[in-house]
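[1] Attaching a predicted model along with its sequence, questions to come.
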Amino acid sequence: MVLVQFFLLLCVLVAPVRVLAAPADLPSLLFVTAAASEAAYSGALPELLRARLAAAGWRIASYETPGRAGTVGRFFHMVRTDAQGDETHLIAFPGTERGSDVWTDLRAQRAVFGGRTPEEFRAAAAQPIRERSSTPLVHRGFLDYTEAALFTDALPAYGGRMAGEVIAEELRAHPTARLYLTGHSLGGAAAVLAAARLSDMGVSPAQLLVTTFGAPAVGNAAFARRYEGRFTLYRAAMRGDPMKDLLSAPLGFRQFGERIAWSPARAAARFPHAMTVYLDTAIRRLYDACGGDQAFLFLAGQANRTAGQTLYVLPIETELDAVLAEDAPYMRAVLRDALYTRNAAAVFAAGGDGRSSEDLLGGLAAHCTAAREAGAAQMIAYRITGEKERDAHETYRITLERAVYDTEGNLRAATSRSARTGALTPIEAVLYLFTQD
């Protein structure tokens, strides 16, 4: 296993075209790691993310190992090999979604954090706490989760050794390599503790980059003082998310690293701690950073630049609830990008997105002419509608309608699919519905 610079290669897959010239920019990094953090969960959107990553050449392996006091440590190891045989690596820890995870969260006793080997880690954690101000102390449940995941069982995939041992050894052997660790909530806490453990095992600060989403503080002031600067840490914190400050007062824990302050969109404000809301914001920030034009996202597939007939795409129509109106530009942008990644031969009609169906039909003859001139065999029209559901607080039904015409303007096929928000944000619902078509 050879670790290489992760971000430059990953940008080729997932980041906007304009960002490729600046692979270290923060919006792209946050989007990549938010997608990986969501992919570590179970559900419709994580399944979509994992399937698309696999289709793009990523090998994704998940591991879970039992640990202390009923804890089950889990992580996803995502690896992609380029044409030269070099590998890129990312580790994502899932957050709370099982009963064992809830038990892990609730075990909020403090434990000593120290040592340089797995044996010393366990010995330190078993010590009684004497001097609280100068001794690094961490959340017992988070520590057990991290230890179970990386520093407890020997795994066949890692040559019959602990995953953390192998990873640390490889990073020490390749000092220019970087490892990216990420996670949401409990998963973010595990990412921080894993980076601290790897640092204690001799991995240099330049090799460890951690990005967390809605993660609580994991340790006291002594822990923060010891590990601040031992790895790069970005903390995305959503306004209204209670988890980010949950343990600060009762346990005296302290956050560190660079805080990235985000605010949820109005349509998703009811769920400020949900990873889907963090991913939604990462998508918005990515589009905002690149101007909302040609940010070819990977969420709907890998670009196919050789196969497929030329397709003429009419302006995308939207009819949305007033609260969803601010989402309209992002919905249209992700749908255009999804179409492009499915078929790079797609030709998009100039301007006009958001117009009514009457306006589009009035200009259908002109579009037929433009489609024939582009060499398209078909024209396709999409309409996105969204309305608030009755008797459901801040829940919306998103519908994606598709109509296929020949270049004479004759309707050949039509479909309509819908999904409720909650488990998905409105933007993510558009992507999900597109992939179901």
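    Sure, I can see it. These figures come from a predicted structure and were not determined experimentally. Numbering: from 1, shown residues only.
[2] can we go C-alpha only for contacts and neighbour counts from here?
    Will do.
[3] mind giving me the domain split of this structure?
    Domains of the chain are assigned by automatic domain parsing as 6-286, 300-436.
[4] Of those domains, which stretch is the most buried?
    Among the domains of the chain, domain 6-286 has the highest mean neighbour count (mean count of other CA atoms under 10 Å), at a mean of 20.
[5] Please produce TSV containing the domains of the chain, extended by mean pLDDT.
    Formatted as TSV, the domains of the chain follow (pLDDT from 0 to 100):
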stretch	mean pLDDT
domain 6-286	86
domain 300-436	85
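[6] so M379 makes contact with A371?
    Yes - using CA atoms under 8 Å, M379 is in contact with A371, at 7.0 Å.
[7] hey, what's in contact with both of those two?
    Common neighbours of M379 and A371 (criterion: CA atoms under 8 Å, 6 or more residues apart in numbering): 311-312, 407.
[8] Helices along the stretch 51-200 of the chain, start to end?
    Taking DSSP state H, counting those that start in this stretch, the helices of the stretch 51-200 of the chain run over residues 99-106, 118-125, 140-150, 163-173, 186-200.
[9] Which of the shared contacts of M379 and A371 fall in strands?
    311-312 (DSSP state E).
[10] which among the shared contacts of M379 and A371 gets closest to A322?
    Proximity of the shared contacts of M379 and A371 to A322 (CA to CA) peaks at Y312, which lies at 29.8 Å.
[11] got the contact list for stretch 173-189?
    2-6, 33-34, 36-38, 89-96, 105, 142, 171, 190-191, 195, 204, 206-218, 243, 275.
[12] oh, I was asking about stretch 400-419
    Contacts for stretch 400-419 (CA under 8 Å, 6+ apart): 364-365, 368-369, 371-372, 376-385, 397-399, 429-430, 433-434, 437.
[13] hmm, 6 Å instead?
    For stretch 400-419, the surrounding residues in contact (CA atoms under 6 Å, 6 or more residues apart in numbering) are 368, 378-384, 397-399.
[14] Just the ones of the contacts of stretch 173-189 in strands?
    Using DSSP E, the contacts of stretch 173-189 in strands are 89-93, 208-213.
[15] Of those residues, which pair is most distant in space?
    Farthest apart among the ones in strands among the contacts of stretch 173-189 by CA to CA are H89 and F213. That separation is 19.2 Å.
[16] Now do the end-to-end distance for stretch 98-117.
    This stretch, stretch 98-117, spans 29 Å end to end (CA to CA, to the nearest Å).
[17] And the contacts of it?
    So stretch 98-117 is in contact with 71, 121, 124-125, 136-141, 200-201, going by CA under 6 Å, 6+ apart.
[18] same thing with stretch 238-256?
    214-217, 219-221, 262-263, 272-273.
[19] if we can go back for a sec, for the contacts of stretch 98-117, which one is nearest Y340?
    Nearest to Y340 among the contacts of stretch 98-117, with distances taken as CA to CA, is T71, at 43.5 Å.
[20] so how far is A376 from the closest one?
    Going from T71 to A376 by CA to CA gives 57 Å.
[21] before we move on, what about T33?
    In terms of CA to CA, T33 sits 37 Å off from A376.
[22] Next: L143.
    Going from L143 to A376 by CA to CA gives 58 Å.
[23] Kindly report the same for R140.
    Remark: distance between R140 and A376 (CA to CA) = 61 Å.
[24] D337 now?
    Distance from D337 to A376, counting by CA to CA: 18 Å.
[25] Same check on L30?
    Distance of L30 to A376, given as CA to CA: 37 Å.
[26] Next: R270.
    When distance is defined by CA to CA, R270 is 43 Å away from A376.
[27] sorry, back to before: could the helices of the stretch 51-200 of the chain be laid out in a markdown table, adding distance to H77?
    Listed next are these as a markdown table, based on distance: least, CA to CA, whole Å:
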| stretch | distance to H77 |
| --- | --- |
| helix 99-106 | 19 |
| helix 118-125 | 20 |
| helix 140-150 | 11 |
| helix 163-173 | 10 |
| helix 186-200 | 12 |
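[28] count of residues packed around C290?
    Using other CA atoms under 10 Å, the number of residues around C290 comes to 17.
[29] show me where the stretch 251-400 of the chain has strands.
    Under the criterion DSSP state E, counting those that start in this stretch, strands of the stretch 251-400 of the chain are mapped to 258-262, 311-313, 317-320, 346-348, 378-388, 396-405.
[30] any chance of these in a markdown table, plus distance to R239?
    Output for the strands of the stretch 251-400 of the chain, formatted as a markdown table (distance: least, CA to CA, whole Å):
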| stretch | distance to R239 |
| --- | --- |
| strand 258-262 | 6 |
| strand 311-313 | 38 |
| strand 317-320 | 25 |
| strand 346-348 | 37 |
| strand 378-388 | 23 |
| strand 396-405 | 21 |
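[31] mind checking which of those is nearest A154?
    With CA to CA as the measure, strand 258-262 is the member of the strands of the stretch 251-400 of the chain nearest A154 (34.0 Å).
[32] Could you please name the strands the closest one pairs with and the direction of each pair?
    Strand 258-262 sits in its sheet next to strand 232-238 (parallel), going by DSSP bridges.
[33] Centre of the chain to the strand it pairs with, how far?
    Between the centre of strand 232-238 and the centre of its chain there are 13 Å (CA atoms, centre = their mean, to the nearest Å).
[34] tell me the angle that strand makes with strand 208-213.
    Relative orientation of strand 232-238 versus strand 208-213 (axes from the mean of the first three to the mean of the last three CA atoms, to 10 degrees): 10 degrees.
[35] Could you export strand 232-238 as CSV, keeping only the C-alpha atoms?
    What follows is strand 232-238 as a C-alpha-only set of coordinates in CSV (Å, rounded to 0.1, in the frame of the first residue of the first chain):
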residue,chain,number,x,y,z
THR,A,232,-4.6,20.0,10.5
LEU,A,233,-8.2,20.2,11.8
TYR,A,234,-11.2,21.9,10.2
ARG,A,235,-14.4,21.9,12.2
ALA,A,236,-17.6,22.6,10.2
ALA,A,237,-20.2,23.8,12.8
MET,A,238,-23.8,24.5,11.8
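[36] between that strand and helix 186-200, how many degrees?
    Angle, strand 232-238 to helix 186-200, by the same axes, to 10 degrees: 170 degrees.
[37] What is the nearest of the contacts of stretch 400-419 to H77?
    The closest of these, once distances to H77 are taken by CA to CA, is I398, at 33.1 Å.
[38] Appreciated, that's everything.
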